[in-house]
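K.L.:
predicted model and sequence below, questions to follow.
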Amino acid sequence: MKSDHKIALLDVTLRDGGYVNKHSWTAGQAQQVVRACAAAGVPFTEVGYLRPARHGAEDDTAPSASCPPRYLEALQAEASLGVDAGTGTGLVVMAHARDTGPSDLAGLARSGVRLVRMPGPPHKIQELAPYAEAVRGAGMRFAVNLTRVSELTEKEILGAAEAAQRISADMFYLADSNGSMFPDGIARIARQVRNSVSMTLGFHAHDGLSLGFANALAAMDNDFEYIDASLCGMGKGGGNLALELIAAHLYFRRLCDVSVTPLVDAAVSLLTPWKGDQILSRCESIVSGILDLNLENLAEIRSAGEGSTLFSMLDGTRTPC
């Protein structure tokens, strides 16, 4: 991967992680996730699905399942908290054509949404043209997410990418929804897509085979610029690529300006009910691996007391690729 190839992370904790807890995030918990991403400098945070027909019924119990206006407005305030410090995060919403119309998406701009993503099978991507036009006309960016790519032929994948480009999508995503792909397959498909279209490209990994990180690296090696991840890998199936892992790697390799500490703090504070009480030790293992530390090194750091944590060390350290 080129050292000047900058990567943009997109956090999917609230949307994809919502499958784990049935989208039962409280508004306060959602604000905490957005606040952590803003403080860390994660460029984008996906906050849920837009389903206008369900507004009102789920506003308080499952706001990330429908993204009502009050929910988005509260998150907009958190997203901009780090702007003065040079960080901040942009809100992202996922929408299905069956749940929304183009005017619904255009209205998201008033709530601070910067990117709208829509999934669709290859033969229906052309039908998303009115949505893309409405989103772009409102000053936001539009992405097509091609899901379950492991179930598609390479011809179907390339056809979908070309269809997304024809409707002037800003971005095209490949999603290994089943978590069943291997790095060589990702690399081959990513290379073909990159050679076929000029759009910005993104990759959404699932970790069913513990290959989410390796698959993301393969996508990045082929000039995919956007990478999805979630706190502690919280997500459906085998989970997602862990945000702490990819953030630590990208920061250490000078590929992304992101701070790991706010992400770890949020994960420890929020996710124990679903991810257990080993979150901190898992994050420490990630960072010690990134920094190439042995057990004696770790003992010295821990004995140094407060202020000398692995995460603060990483946030102050970089290395050339």
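P.N.:
Okay, I see it.

K.L.:
need the pLDDT of G82.
P.N.:
G82 is assigned 54 on the pLDDT scale.

K.L.:
repeat that for G237.
P.N.:
86.

K.L.:
how about it, secondary structure?
P.N.:
coil (DSSP: H, G, I helix; E, B strand; the rest coil).

K.L.:
quick one, helices of the chain?
P.N.:
13-16, 27-40, 69-79, 102-106, 129-137, 154-166, 183-196, 212-221, 243-252, 261-270, 272-275, 279-291, 295-303, 310-315 (DSSP state H).

K.L.:
quick one: low-confidence parts of the protein?
P.N.:
1-5, 81-87, 305-308, 318-321 (pLDDT under 70).

K.L.:
can you convert the helices of the chain into JSON lines and add a column each for mean neighbour count and distance to K6?
P.N.:
For glycine as for every other residue, the C-beta is placed from the backbone atoms N, C-alpha and C. Below are the helices of the chain laid out as JSON lines (neighbours: other Cβ atoms under 10 Å; distance: least, Cβ to Cβ, whole Å):
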{"stretch": "helix 13-16", "mean neighbour count": "28", "distance to K6": "22"}
{"stretch": "helix 27-40", "mean neighbour count": "22", "distance to K6": "16"}
{"stretch": "helix 69-79", "mean neighbour count": "19", "distance to K6": "20"}
{"stretch": "helix 102-106", "mean neighbour count": "18", "distance to K6": "28"}
{"stretch": "helix 129-137", "mean neighbour count": "19", "distance to K6": "23"}
{"stretch": "helix 154-166", "mean neighbour count": "18", "distance to K6": "22"}
{"stretch": "helix 183-196", "mean neighbour count": "17", "distance to K6": "16"}
{"stretch": "helix 212-221", "mean neighbour count": "23", "distance to K6": "10"}
{"stretch": "helix 243-252", "mean neighbour count": "24", "distance to K6": "9"}
{"stretch": "helix 261-270", "mean neighbour count": "22", "distance to K6": "19"}
{"stretch": "helix 272-275", "mean neighbour count": "13", "distance to K6": "29"}
{"stretch": "helix 279-291", "mean neighbour count": "18", "distance to K6": "19"}
{"stretch": "helix 295-303", "mean neighbour count": "12", "distance to K6": "30"}
{"stretch": "helix 310-315", "mean neighbour count": "20", "distance to K6": "18"}
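
K.L.:
turn these into a markdown table, including distance to V92.
P.N.:
Output for these, formatted as a markdown table (distance: least, Cβ to Cβ, whole Å):
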| stretch | distance to V92 |
| --- | --- |
| helix 13-16 | 8 |
| helix 27-40 | 11 |
| helix 69-79 | 10 |
| helix 102-106 | 12 |
| helix 129-137 | 12 |
| helix 154-166 | 17 |
| helix 183-196 | 21 |
| helix 212-221 | 18 |
| helix 243-252 | 14 |
| helix 261-270 | 17 |
| helix 272-275 | 22 |
| helix 279-291 | 24 |
| helix 295-303 | 36 |
| helix 310-315 | 25 |
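
K.L.:
pull out the buried positions in stretch 48-63.
P.N.:
48-52, 54-55, 58-59, 62-63 (16 or more other Cβ atoms under 10 Å).

K.L.:
any idea what sits nearest G120, other than its immediate chain neighbours?
P.N.:
Setting aside the residues directly before and after it, G120 is nearest to L128 in space (Cβ to Cβ, 6 or more residues apart in numbering), at 5.8 Å.

K.L.:
next one: that neighbour from F142, what distance?
P.N.:
8 Å (Cβ to Cβ, to the nearest Å).

K.L.:
mutual contacts of the two, please.
P.N.:
118, 169 (Cβ atoms under 8 Å, 6 or more residues apart in numbering).

K.L.:
quick one: the strands in the stretch 1-150 of the chain, in order.
P.N.:
Counting by DSSP state E, counting those that start in this stretch, the stretch 1-150 of the chain has strands at residues 8-11, 44-49, 90-94, 113-119, 141-146.

K.L.:
which among those strands is found nearest to K275?
P.N.:
The closest of those to K275 is strand 8-11. By Cβ to Cβ, the value is 15.3 Å.

K.L.:
related to what we said a few turns ago, quick check, the residue nearest to G120 in contact with M118.
P.N.:
Yes. Judged on Cβ atoms under 8 Å, L128 makes contact with M118 at a distance of 5.6 Å.

K.L.:
where do the contact lists of these two overlap?
P.N.:
97, 144.

K.L.:
do I have it right that I167 meets K124?
P.N.:
No. Counting by Cβ under 8 Å, I167 does not reach K124; the two are 11.2 Å apart.

K.L.:
these two - which one has more neighbours?
P.N.:
Neighbour comparison, I167 and K124: the larger count goes to I167, with 17 against 13 (by other Cβ atoms under 10 Å).
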